[in-house]
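Asker: how would this look folded up:
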Amino acid sequence: MRWYVLGFPVMVVRMAATWRRLCIESGLAVTRRSKNVVLGGDLLVSGSELRPVVPRLGVPQPTPTGLRVRIRMQPGQTPAAFLAAADAMTHAWQAHAVRIVSPGRGWVLATATASDPLIGGGLGVVPRPARLLSAMVGRTEDGALWVLDFRVVPHWLVVGATRSGKSTLIASLVFALAPQPVALVGIDCKGGMELSLFEPRLSALARDRGEAAALLGAVLAETEARMATCREVGARSIWDLPEMLRPVPLVVLVDEVAELYLSDGSREGKQLSGACSTALLRIGQLGAALGVHLVVAGQRVGSELGPGVTALRAQLGGRICHRVNDEQTALMVLGDLSPEAVAVAQTISEDERGVAVTTVGGSWVRARSTHTTAEQARQTAVQFAKNTPELPGLVHAITEIREAA
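Answerer: Have a look, this model is predicted:
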């Protein structure tokens with residue numbers, strides 16, 4: 001309430017008072033000549049004084065954490081100039097941040113945030129959505145709920161350095177999906193240290209690369225079986241199938257994807273890496289319409305992992321980048337969707353645990369996942385263990401590997 005009564009009017013007055021000078025100094029003004037001007041060589045012989053014309057500032061609209069305002073560009077201007085002037089707007093308006101997007105031709109939308117809504121980790125437990133395969137995992141920088149909707153974006157790539165909040169995000173995701181009629185499958189090649197917390201709610205869990213290859217092969221076989229069912233019925237996706245024939249949605253959680261791609265040089269190691277790479281790529285290509293979804297997480301995703309990772313990245317339309325230790329990883333995750341977001345991701349500090357840049361369809365936003373503790377995750381998995389779908393084919397694939405060992 002304090003923002004709407006005091007903060008918003010003050011920022012509006014500040015915007016109006018500084019707008020013209022800001023545009024002139026930031027190169028956003030356009031110079032127009034009077035029709036009466038007569039030029040002699042390079043000299044102004046007669047005519048009216050040349051005056052800069054600034055873009056038209058619309059009526060600011062308040063938001064819970066700041067405001068939005070439409071800016072009508074002058075002929076010949078492009079959004080790039082306004083993107084470059086975002087920092088100048090931030091200082092002139094004394095805001096925490098100003099973000100510029102171009103939703104339509106001839107105008108841009110400036111969103112100013114009065115203060116950082118992502119400070120601190122006590123976001124509390126967010127409500128669970130009613131929509132199947134939709135998970136509320138935190139909040140965005142504009143105060144809205146951060147939702148991962150697998151029906152809209154089927155597959156996600158999540159990266160982050162140690163203690164950046166990547167594991168907390170996965171815990172929040174499991175917390176949100178556990179009550180839903182969804183099968184969760186885990187691949188954690190570090191002996192299951194991370195995902196074993198959720199094992200009561202997982203339909204299957206692979207703990208090393210051999211088990212991962214077998215499990216991914218079984219998931220791919222399940223995907224192809226669903227495709228055959230849809231083909232027989234004449235359906236384009238499982239959502240077009242009659243309810244009695246519709247299989248349960250399946251979400252595959254992969255923790256530390258580099259463990260699947262790095263090989264020790266042995267023949268067996270290369271075969272396992274190749275099998276994992278091929279299966280993940282095929283699941284990414286086929287799974288969207290068949291209710292099979294990927295969440296691929298890792299500390300580092302780069303070209304040194306091989307061409308398979310680059311091909312897989314193209315199938316993972318949802319991107320989430322926490323604090324990373326190198327620019328290449330940020331470029332790998334965000335560069336092909338929103339180059340501007342790469343620079344934003346690299347400004348995340350060690351104190352901003354859980355903060356990430358997420359992109360969908362070329363637009364980006366800063367967000368922070370709900371702080372879900374290991375104990376909360378374990379209790380949630382136990383509480384909803386009765387919801388765990390039985391997938392014998394997946395369990396059998398892992399059991400065979402363990403018995404052979």
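Asker: So the spatially most central residue of the chain, which state does it fall into?
Answerer: When the chain is reduced to its mean C-alpha position, the nearest residue by C-alpha atoms, centre = their mean turns out to be Thr358, at 2.9 Å. Local secondary structure at Thr358 is given as strand here, using DSSP: H, G, I helix; E, B strand; the rest coil.
Asker: Then Ala95?
Answerer: When states are read from three-state DSSP, the local structure at Ala95 comes out as coil.
Asker: Which residue, other than its chain neighbours, is closest to the residue nearest to the centre of the chain?
Answerer: Ranked by C-beta to C-beta, 6 or more residues apart in numbering and with sequence neighbours excluded, the top spatial neighbour of Thr358 is Ile320, at 4.7 Å. Where you see a C-beta, it was placed from the backbone N, CA and C, and this is true even at glycine.
Asker: Which of the helices or strands spans the one you found?
Answerer: Secondary structure here is read from DSSP states H and E; on that basis Ile320 sits in strand 318-321.
Asker: what are the pairing partners of that strand, and which direction each?
Answerer: According to DSSP bridges, strand 318-321 forms sheet pairs with strand 156-159 (parallel), strand 355-360 (antiparallel).
Asker: Tell me which of those lies nearest to Arg99.
Answerer: strand 355-360 (11.5 Å; C-beta to C-beta).
Asker: what residues does that closest one touch?
Answerer: 118, 146, 152-153, 160, 164-165, 169, 317-323, 334, 337-338, 341, 344-345, 348, 364-369 (C-beta atoms under 8 Å, 6 or more residues apart in numbering).
Asker: If you count neighbours, what's buried in the helix ranked longest in the chain?
Answerer: Ranked by number of residues, the top helix in the chain under DSSP state H is helix 209-233. Within helix 209-233, the residues that qualify as buried by neighbour count (16 or more other C-beta atoms under 10 Å) are 209-220, 222-223, 226-227, 229-230.
Asker: can you give me how far that helix is from the chain middle?
Answerer: Mean-position distance between helix 209-233 and its chain equals 26 Å (C-alpha atoms, centre = their mean, to the nearest Å).
Asker: Tell me the helix or strand right after it.
Answerer: Tracing the chain C-terminally past helix 209-233 and defining elements by DSSP H and E, one meets strand 250-255 next.
Asker: and that following strand, what's its mean pLDDT?
Answerer: The predicted model assigns strand 250-255 a mean pLDDT of 96.
Asker: What of stretch 277-294?
Answerer: The average pLDDT within stretch 277-294 is 96.
Asker: before we move on, back to that, report the separation between the residue nearest to the centre of the chain and Asp116.
Answerer: 16 Å (C-beta to C-beta, to the nearest Å).
Asker: Same question for Leu312.
Answerer: The span separating Leu312 from Asp116 equals 33 Å under the rule C-beta to C-beta.
Asker: So for the two, which sits in the more crowded spot?
Answerer: When Leu312 and Asp116 are compared on other C-beta atoms under 10 Å, the one with more neighbours turns out to be Leu312, at 24 against 15.
Asker: So what's the gap between stretch 232-240 and the chain middle?
Answerer: In this view, stretch 232-240 has its centroid 29 Å away from the chain centroid, taken as C-alpha atoms, centre = their mean.
Asker: and Thr278, how many neighbours?
Answerer: Neighbours of Thr278 under the rule other C-beta under 10 Å: 16.
Asker: does it sit in a helix, a strand or a coil?
Answerer: Looking at Thr278 with three-state DSSP, the answer is helix.
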